[in-house]
Each structure stands twice: as structure tokens, then as C-alpha cells.
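Participant: no sequence on this one, just coordinates:
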Ligand code: NAD
Ligand code: ZN
């Protein structure tokens with residue numbers, strides 16, 4: 001891994017426009033389970049089914065009970081780990097410009113990054129399905145599910161379920177960021193959820209270098225990414241930063 005850390009540090013130092021694409025894997029070290037991979041929710045149920053808008057429409061109480069309640073408890077108490085902090089340090093050094101994240105946990109902003117595109121929305125807010133009024137998730141009473149708006153409508157996370165479209169502005173900005181960057185760091189994503197997994201492909205097409213950080217291979221590895229640094233985001237980011245700060 002040492003050689004790849006040095007290479008990544010050199011590539012980052014030489015790049016002029018760095019964008020990161022992050023997934024659930026960067027938040028596992030903050031105690032938030034990913035969908036796939038070890039300890040993922042996948043081992044207990046099929047996220048594509050439970051986190052699908054059709055499942056929510058059919059039975060909101062079930063999805064609140066199986067997924068959203070747990071997510072709320074975990075996200076309410078999570079804080080950024082060395083992976084998030086490493087990306088914030090890269091921004092502070094003037095190296096990293098934008099993060100495109102698939103995560104809905106708000107931890108990049110908590111770490112201090114200022115330009116974060118939330119590709120799948122965020123979990124900080126719940127939205128009424130009838131009148132669109134928004135409530136802060138931490139303020140929502142979940143003693144009975146699904147929680148309801150003062151108008152009686154059902155509250156849903158203000159995030160993107162499987163089967164829903166990406167917020168158009170997030171999509172537009174992400175495509176632009178991917179097309180404009182000369183290096184994309186792809187951290188902690190299994191790169192199978194579309195269209196997020198296309199962003200490295202767009203970046204590659206536009207001539208960018210693609211560097212993956214993940215303990216496991218993904219469909220991008222060896223195809224789209226120039227190299228994979230196999231390891232946990234926290235440790236790898238720390239080592240890259242150490243190398244850069246030498
Ligand atoms: P995923 O769950 O499909 O894959 C997680 C990836 O992270 C795997 O490739 C795994 O090998 C890797 N990984 C695990 N631990 C890691 C670590 N310490 N450092 C680096 N990599 C690590 O995640 P995805 O690709 O983001 O797709 C899942 C979808 O589910 C996303 O759309 C996201 O919106 C949603 N989701 C979000 C959260 C969150 O907000 N934290 C959590 C679960 C799921
Ligand atoms: Zn309402």
C-alpha cells in the first residue's frame with residue numbers, strides 16, 4: 001500500500017481540480033452501516049426492496065420501523081471520522097474542490113467541507129407527503145409511526161428512495177463537476193447504484209484520473225479507476241495527508 005499512498009499524494013498535489021465521490025463506506029467508521037459489504041443492512045434484508053419508494057407507498061409504517069427509525073437513531077448520534085476529516089483537510093489545503101456524496105448523513109458538512117452535492121438528498125429533514133412542509137428529523141416524534149404532519153399527512157425522509165429520480169440540480173452539478181475535474185477520488189462506494197456510479201465514468205471520459213479507496217474491489221476497479229488503494233477510508237486518508245504534509 002505504501003507505494004500507492006505516495007502515488008496518490010503526488011497525483012493529488014499535481015491535480016488542479018479534484019472532486020470526490022463518496023458512498024456509505026466512508027461513514028462505516030462513524031458507526032453507520034452500509035448497504036452492501038461486511039455488516040451491511042443487506043445481510044438482514046434487501047435494501048433495494050425496503051428502501052424502494054414502492055415499499056414506502058405500500059406500507060410507510062413498515063419502512064419507518066425497519067429502516068428509517070434505526071437510521072434516525074444512528075444518524076442523530078454519528079460524528080465525522082478520519083475519512084471525512086481527511087477530505088475536509090484536503091479542501092482546506094486547496095486541493096479538493098467538491099464532494100459528490102451518495103450519503104444522506106450530513107457528515108461531510110459536519111467535518112467542514114463547504115461544497116457538498118447531496119446526490120441522494122439528506123436525512124436531516126422529513127417532508128410531508130401532502131403539503132410538503134418540512135420538519136427537522138431530530139425534532140420528529142417517532143413514538144408512533146409513521147409520524148405525521150400537523151395537516152395529517154405522512155412524513156417521509158427528504159432523501160431519495162430507490163425508484164425515485166435524482167434531484168435535478170444535484171444531477172446537473174454532479175455531471176458538471178465530473179466533467180470538469182482532473183482527478184476523482186472514489187471513496188467507500190460499491191459503485192453499483194445508478195446513476196451515481198456513472199460519475200466516475202463521466203470523469204474518465206473527460207480525461208480525469210480515477211483513484212479508488214475501498215477495502216474491496218468494485219465494478220470500477222481495473223476498468224475505470226486507474227488504481228485502487230485497498231483499505232479503510234480513515235486510515236488511507238490519514239496516510240495520504242501525512243505524505244502530503246511531509
Ligand atoms: P454500499 O453500501 O453499496 O457500499 C459500501 C462500500 O463501502 C462497499 O464497496 C464497501 O467495500 C466499502 N467500505 C466499507 N467500509 C469501508 C471503509 N471503512 N472505508 C472505505 N470503504 C468502505 O454504498 P453506496 O455505494 O454508497 O450505495 C448505497 C446507497 O445507500 C447509497 O445510495 C446511499 O444513499 C445509501 N446509504 C447511505 C448511508 C449513509 O448516508 N451513511 C448508509 C447506507 C446506505
Ligand atoms: Zn402536511
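Facilitator: Received the coordinates, thanks. Since we're looking at a predicted model, the values are computed, not measured. Ligands and ions are numbered 1, 2, ... in the order given.

Participant: chain center to the lengthiest strand in the chain, what's the gap?
Facilitator: Determined from DSSP state E, the single longest strand within the chain is strand 121-128. Taking Cα atoms, centre = their mean, to the nearest Å, one finds strand 121-128 lying 15 Å from the centre of the chain it belongs to.

Participant: Strand partners (parallel or antiparallel) of it?
Facilitator: strand 134-136 (antiparallel), strand 155-159 (antiparallel) (DSSP bridges).

Participant: In contact with the closest residue to residue 164 other than its chain neighbours, which residues?
Facilitator: Excluding its sequence neighbours, the residue lying closest to residue 164 (Cβ to Cβ, 6 or more residues apart in numbering) is residue 53, at 5.1 Å. Backbone N, C-alpha and C define where each C-beta goes, glycine included. Applying Cβ atoms under 8 Å, 6 or more residues apart in numbering, we find residue 53 in contact with 161, 162, 163, 164.

Participant: Give the burial count for the residue nearest to residue 238 when sequence neighbours are not counted, as a bare number.
Facilitator: By the measure of Cβ to Cβ, 6+ apart, the closest residue to residue 238 outside its immediate chain neighbours is residue 82, 5.3 Å from it. Burial of residue 82 is recorded as 20 neighbouring residues (other Cβ atoms under 10 Å).

Participant: and this protein, which of its residues are near ligand 2?
Facilitator: 128, 130, 131, 133, 149, 151, 153 (Cβ under 5 Å from the ion).

Participant: Drop anything exposed from those residues.
Facilitator: 128, 149, 153 (16 or more other Cβ atoms under 10 Å).

Participant: Go back to those and keep what's next to ligand 1.
Facilitator: Here nothing survives when these are matched to ligand 1 using Cβ under 6 Å from any ligand atom.

Participant: If you rank every helix and strand of this protein by mean pLDDT, what lands last?
Facilitator: When each helix and strand of the chain is scored by mean pLDDT, DSSP states H and E, helix 47-50 comes last, with a mean of 84.

Participant: chain center to that helix, what's the gap?
Facilitator: Relative to the centre of its chain, helix 47-50 is centred 17 Å away, using Cα atoms, centre = their mean.

Participant: Tell me which helix or strand comes right after it.
Facilitator: Later in the chain than helix 47-50, the nearest helix or strand by DSSP states H and E is helix 53-58.

Participant: Can you tell me which helices and strands the following helix or strand past that following helix packs against?
Facilitator: Using DSSP H and E, the next helix or strand after helix 53-58 towards the C-terminus is helix 60-63. Packed against helix 60-63 by the contact rule (3 or more Cβ pairs under 8 Å, 6 or more residues apart in numbering; DSSP states H and E) you find helix 53-58.

Participant: What is the distance between the helix it packs on and the centre of its chain?
Facilitator: Using Cα atoms, centre = their mean, the offset of helix 53-58 from its chain centre is 22 Å.

Participant: Please apply the same query to stretch 237-246.
Facilitator: Using Cα atoms, centre = their mean, the offset of stretch 237-246 from its chain centre is 22 Å.

Participant: buried ones in it?
Facilitator: 237, 238, 239, 240, 241, 243, 244.

Participant: ok, those vs ligand 1, which is closest?
Facilitator: Using Cβ to the nearest ligand atom, residue 237 comes nearest to ligand 1 of those, at 9.1 Å.

Participant: so that closest one is in which element?
Facilitator: Judged by DSSP H and E, residue 237 forms part of helix 233-245.

Participant: Counting by contacts, list what that helix packs against.
Facilitator: Helix 233-245 is packed against helix 2-14, helix 82-92, strand 209-213, with contacts defined by 3+ Cβ pairs under 8 Å, 6+ apart.

Participant: Now residue 90: closest residue in space that isn't a chain neighbour?
Facilitator: The nearest residue in space to residue 90 (Cβ to Cβ, 6+ apart) is residue 96, at 3.8 Å.
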